[in-house]
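Chemist: Have a look; sequence and predicted model below, questions after that.
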Amino acid sequence: MSFSVAVKDELCEVMPADRECMLVELTAMLLFSRAFERGNCVMQTENRKIADRFIDFLIDEFETILTVITAPSLKRNGTHLYTLTVDNPQDLDRIKEHFFQNGMPKMVTPEQLKDENALASFVRGAYVSCGSMNDPHKEYHLEFVVQNHDLAANLASILSSVNIPIKLTQRKNNFILYLKESENIEDLLTLMGATNSTLELMNIKVMKDMRNKVNRVTNCETANIGKTVAASAKQVEDIKLIIQKKGMEYLPDNLKEVAQIRLENPELSLNELVQAMGNQISKSGINHRLKRIGEIADKLRS
């Protein structure tokens, strides 16, 4: 099961606080359903739990209206699509009259959703109708795909009122509301009531941060090892050049000692060279002497 499906399944388990919250969520499910105005089709969804929740709410609000779920059709991506229809044209008109005005969706303002439970119900209804979320193991991305610009802007305004800075853009004929920051996605999931999904997202984020930290440390250590190897190879090359041209005796005794230790231990770091010399000289002291050997070698090359 994908993370996005798990979120919607969890949201379908959330019970509305009261009848008013149920009506608010039903309103959002209808307004954000992209199939609402196609003949007698009032909703389409890939999730059977969402379909059942929609029918339960619709029956509670319109007791005499019969909603039918047609047999799921198989989409190209392998998922099933459930189509919910109302056979009676008069019943369909009643639904549209309840939620539409002059052929346009009745907008909901932040002032109408001052109650936190009502606001959460509205956002939840919108999300189960047109929302989705990418696998957080790969990237943080949650979005609503809305066909009507005013409806999308309305939802953005509602979310902004609770400090969730969702962004709005256009993709072909749809308007996309999206979040890419994990903290904002966590806030939205918590608002809608998907607390288990929020905790799972937080756990994934912690694991990703730890993995990235380990990778950074490993890369840093690898880079340091590479620098040590390159520096050691250059030092050995310098010492061999001096021996070839002038002999080891050409070096002062203090440099000769360090040169001999380096030749015998080309793989050692500076700290390890200090130990090899019995800690008689500091790391900076060894580094200084190796630099002097390099300068002597450079003069011989020139």
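Modeler: On my side now, so go ahead. Residues are numbered from 1 along each chain as shown.

Chemist: how far away is the most far-flung residue of the chain relative to its centre from residue 273?
Modeler: Ranked by distance from the centre of the chain (Cα atoms, centre = their mean), the top residue is residue 249, with 63.8 Å. According to Cβ to Cβ, to the nearest Å, residue 249 stands 22 Å off from residue 273. To be clear about C-beta, it is placed using only N, CA and C from the backbone, and glycine gets the same treatment.

Chemist: cool, residue 52 as well?
Modeler: Taking Cβ to Cβ, one finds residue 52 at 73 Å from residue 273.

Chemist: cool, and residue 33?
Modeler: From residue 33 to residue 273 the distance is 73 Å (Cβ to Cβ).

Chemist: Kindly report the same for residue 59.
Modeler: For residue 59, the distance to residue 273 - Cβ to Cβ - is 82 Å.

Chemist: which one of these two has more residues nearby?
Modeler: A side-by-side neighbour count of residue 59 and residue 273, using other Cβ atoms under 10 Å, places residue 273 first with 19 against 13.

Chemist: Specify the local secondary structure of that one.
Modeler: Three-state call for residue 273 (DSSP: H, G, I helix; E, B strand; the rest coil): helix.

Chemist: Surely it touches residue 286?
Modeler: Yes - under the criterion of Cβ atoms under 8 Å, residue 273 makes contact with residue 286 at 5.3 Å.

Chemist: so what sits against both of the two?
Modeler: Residues touching both residue 273 and residue 286 (Cβ atoms under 8 Å, 6 or more residues apart in numbering): residue 258.

Chemist: element containing the residue lying closest to residue 165 once chain neighbours are set aside?
Modeler: Among residues not flanking residue 165 along the chain, residue 184 sits closest, at 6.6 Å (Cβ to Cβ, 6 or more residues apart in numbering). Per DSSP states H and E: residue 184 is located in helix 182-192.

Chemist: before we move on, what about residue 299?
Modeler: If you go by DSSP H and E, residue 299 is part of helix 283-301.

Chemist: elements contacting that helix?
Modeler: Helix 283-301 is packed against helix 195-245, helix 253-264, helix 270-276, with contacts defined by 3 or more Cβ pairs under 8 Å, 6 or more residues apart in numbering; DSSP states H and E.

Chemist: Would you mind listing the residues in contact with the nearest residue to residue 232 once chain neighbours are set aside?
Modeler: Closest residue to residue 232 apart from its sequence neighbours, by Cβ to Cβ, 6+ apart: residue 266 at 5.2 Å. By Cβ under 8 Å, 6+ apart, the contact list for residue 266 reads 232, 233, 236.

Chemist: With residue 178 instead?
Modeler: Residues in contact with residue 178 (Cβ under 8 Å, 6+ apart) are 141, 142, 143, 144, 166, 167, 169.

Chemist: filter the residues you listed to the buried ones?
Modeler: Using 16 or more other Cβ atoms under 10 Å as the burial test, the contacts of residue 178 include 141, 142, 143, 144, 166 as buried.

Chemist: Check what pLDDT the residue nearest to the first one when sequence neighbours are not counted gets.
Modeler: Read that as residue 141. Excluding the flanking residues, the one nearest residue 141 by Cβ to Cβ, 6+ apart is residue 134, at 4.2 Å. With respect to pLDDT, residue 134 has a value of 92.

Chemist: ok, now how distant is residue 119 from residue 160?
Modeler: Counting by Cβ to Cβ, the gap from residue 119 to residue 160 is 12 Å.

Chemist: neighbour-wise, which of those two wins?
Modeler: For the pair residue 119 and residue 160, the greater number of neighbours falls to residue 119 (22 against 12), based on other Cβ under 10 Å.

Chemist: helix, strand or coil for the most centrally placed residue in the chain?
Modeler: Most central in the chain under Cα atoms, centre = their mean is residue 140, positioned 1.5 Å from the mean C-alpha point. Classification of residue 140 using three-state DSSP returns coil.

Chemist: Which residue lies closest in space to it, excluding its sequence neighbours?
Modeler: residue 182 (4.5 Å).

Chemist: for residue 208, same thing?
Modeler: Leaving out its chain neighbours, the residue that sits closest to residue 208 by Cβ to Cβ, 6+ apart is residue 137, at 7.4 Å.

Chemist: Pretty sure that neighbour sits against residue 205.
Modeler: No - at 10.0 Å, residue 137 and residue 205 do not qualify as touching, with contact defined as Cβ under 8 Å.
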